[in-house]
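S.K.: show me how the following folds:
(chains A and B)
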Amino acid sequence: NAGVMQNPRHLVRRRGQEARLRCSPMKGHSHVYWYRQLPEEGLKFMVYLQKENIIDESGMPKERFSAEFPKEGPSILRIQQVVRGDSAAYFCASSSWTSGGRSYEQYFGPGTRLTVT
Amino acid sequence: GENVEQHPSTLSVQEGDSAVIKCTYSDSASNYFPWYKQELGKRPQLIIDIRSNVGEKKDQRIAVTLNKTAKHFSLHITETQPEDSAVYFCAASWGDSNYQLIWGAGTKLIIKP
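M.R.: Numbers count the residues shown, from 1 in each chain, chains lettered A, B, ... in the order given. The predicted model follows:
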């Protein structure tokens, strides 16, 4: 059972360009979370999605950032017109939901390290 | 809003000694409490978790304790080894939805040889 996959692992963009980060959840998982992590800092929640639905985007900047999780294919975090402050590691995690409605652990992907030059 | 406080931010212990990291949470509806370990340059990985119907859980050298009344939970690592050096994050489920986690700020654990 493949784990959570993210690509690319490293992404370099010039200021003003667009960055697209992809996340394929674990098989059977329908919940995806995106986090941002600056060097030497903690995990900052950005957005929580289920298939075709954004459930909570309270941690995502209102401008330039968007996320989707289509019915088919990976979840995508899109950053338009990147700035130097967007340089960070972006992790996605996935989880499943048991029929009993109990929470389930989040499994993280390897992350995408975005560098804006 | 709801939050999770984690202490200490940095912990340095001699190899072979025990390490304890503590977290407090504010949401009384939280019922799931995982701990993650993140080595330098790697992804966070779940190392142990506990649910609110249990007071303690052990897995070899790692244990987690939960005090629901006081709303705090702790990670205990015994007989520490150099490979335990990492950043550790605690988290608590958000309300009764169980779909999201509120994260602590992390503890950098340094094992001195």
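S.K.: please save the CA atoms from stretch B:57-69 in CSV.
M.R.: Only the C-alpha atoms of stretch B:57-69 are listed here, as CSV (Å, rounded to 0.1, in the frame of the first residue of the first chain):
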residue,chain,number,x,y,z
LYS,B,57,-0.6,3.7,26.4
LYS,B,58,2.8,2.2,25.9
ASP,B,59,4.9,1.0,23.0
GLN,B,60,8.3,-0.2,24.0
ARG,B,61,10.3,2.9,25.2
ILE,B,62,7.5,5.3,24.4
ALA,B,63,4.4,6.0,26.5
VAL,B,64,1.7,8.6,26.5
THR,B,65,-0.5,9.6,29.4
LEU,B,66,-3.7,11.5,29.3
ASN,B,67,-5.5,13.4,32.1
LYS,B,68,-8.8,14.5,30.7
THR,B,69,-9.9,16.4,33.8
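S.K.: tell me what the helix-or-strand element of chain B with minimal mean pLDDT is packed against?
M.R.: Ranked by mean pLDDT, DSSP states H and E, the helix or strand of chain B with the weakest confidence is strand B:101-103, at a mean of 89. In terms of contacts (3 or more C-beta pairs under 8 Å, 6 or more residues apart in numbering or on different chains; DSSP states H and E), strand B:101-103 is packed against strand B:86-93. Backbone N, C-alpha and C define where each C-beta goes, glycine included.
S.K.: burial count for A:Glu57?
M.R.: Using other C-beta atoms under 10 Å in any protein chain shown, A:Glu57 has 17 neighbouring residues.
S.K.: swap in the one 10 residues further on?
M.R.: As a burial measure, the neighbour count of A:Ala67 was computed by other C-beta under 10 Å and equals 21.
S.K.: what strand or helix carries it?
M.R.: Secondary structure from DSSP states H and E places A:Ala67 in strand A:65-68.
S.K.: listing partners with orientation, what would you give for that strand?
M.R.: Strand A:65-68 has its sheet partners listed here by DSSP bridges as strand A:75-79 (antiparallel).
S.K.: what sits up against the strand it pairs with?
M.R.: By C-beta atoms under 8 Å, 6 or more residues apart in numbering or on different chains, the surrounding residues in contact with strand A:75-79 are A:18-25, A:32, A:34, A:46-47, A:49, A:64-69, A:86, A:90, A:92, A:114.
S.K.: quick one, what contacts B:Ile102?
M.R.: The contact partners of B:Ile102, taken as C-beta under 8 Å, 6+ apart, are B:2-4, B:25, B:27, B:30, B:91-94.
S.K.: using PDB, write out every CA atom in the helix or strand hosting B:Glu5.
M.R.: In this structure, B:Glu5 sits in strand B:4-7 according to DSSP H and E. C-alpha atoms of strand B:4-7 as PDB (Å, rounded to 0.1, in the frame of the first residue of the first chain):
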ATOM      1  CA  VAL B   4      -2.600  23.300  22.200                       C
ATOM      2  CA  GLU B   5       0.400  24.400  24.200                       C
ATOM      3  CA  GLN B   6       3.500  22.300  24.200                       C
ATOM      4  CA  HIS B   7       6.500  22.500  26.600                       C
END
